[in-house]
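Peer 1: here are the coordinates; sequence isn't available:
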């Protein structure tokens, strides 16, 4: 029996009305969705799982954006303070203050952005909230992702894991990979590819943060 495996579950592909209750893939819808989404597999997930597939990844953009920015922002503080050879306690104080202040700022920015988007759609006569994401939930998702991921570069300094800065670099890299790999839970991409992509982009941003921090510390 032909079937597709999605998240561990088998979905038989037979015309409706047969004994096993198979799922028929509407060809026209699949073709249109695949053109719009840019990925046939993702379109098939939406056809098979309907609202469940869409809702499970509803806040993926906020999660990835918030987590990536949280890690890079905190690592920039760690790199700058480490480059200036200051006390580890200063890393924790500045890192924590920066983490929550920037996280709150990002959340509020997303709140205002989402609110403006919904107001614009409503003024154009479109569905005001097609994906069910309110400004408050969008802001909260961004803030939580920012804080949870952004705190990771501070872990070696909080628990005295030495050597401190190399340990912070290692934790930062692992966190980037983990955040990227988590995208595979709601997309059709493999976790290794997703993790490696996020790792490469994130570590490049972290290197930029370190170089700038080191240069500024040397000029001070």
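Peer 2: It's in. Just so you know, these numbers come straight off a predicted model, no measurement behind them.
Peer 1: quick one: residue 189 is in a helix?
Peer 2: No - under DSSP: H, G, I helix; E, B strand; the rest coil, residue 189 sits outside any helix and is assigned coil.
Peer 1: and it, how many neighbours?
Peer 2: Using other Cβ atoms under 10 Å, residue 189 has 17 neighbouring residues. C-betas here are computed from N, CA, C, even on glycine.
Peer 1: Report the contact partners of the closest residue to it other than its chain neighbours.
Peer 2: Setting aside the residues directly before and after it, residue 189 is nearest to residue 183 in space (Cβ to Cβ, 6 or more residues apart in numbering), at 6.7 Å. When contacts are counted by Cβ atoms under 8 Å, 6 or more residues apart in numbering, residue 183 touches 60, 64, 189, 194, 198.
Peer 1: residue nearest the centroid of this protein?
Peer 2: The chain has residue 64 as the residue nearest its centroid, 1.2 Å off, counting by Cα atoms, centre = their mean.
Peer 1: How is the chain divided into domains?
Peer 2: 3-56, 60-219 (automatic domain parsing).
Peer 1: Quickly note the distance from residue 108 to residue 115.
Peer 2: 10 Å (Cβ to Cβ, to the nearest Å).
Peer 1: ah, wrong one, I meant residue 208
Peer 2: Residue 208 is 32 Å from residue 115, by Cβ to Cβ.
Peer 1: cool, and residue 69?
Peer 2: 20 Å.
Peer 1: These two - which one has more neighbours?
Peer 2: residue 69 (20 against 15).
Peer 1: residues in contact with stretch 103-118?
Peer 2: 62, 66, 69-70, 128-129, 133-136, 138-140, 142-143, 146-147, 150.
Peer 1: Now, these that are in helices?
Peer 2: 62, 66, 69-70, 135-136, 138-140, 142-143, 146-147, 150 (DSSP state H).
Peer 1: Pick out the most distant pair among those.
Peer 2: The most widely separated members of those are 135 and 150, with 21.8 Å between them, by Cβ to Cβ.
Peer 1: out of those two, which sits in the more crowded spot?
Peer 2: Neighbour count, other Cβ under 10 Å: between residue 135 and residue 150, residue 150 has more, with 29 against 19.
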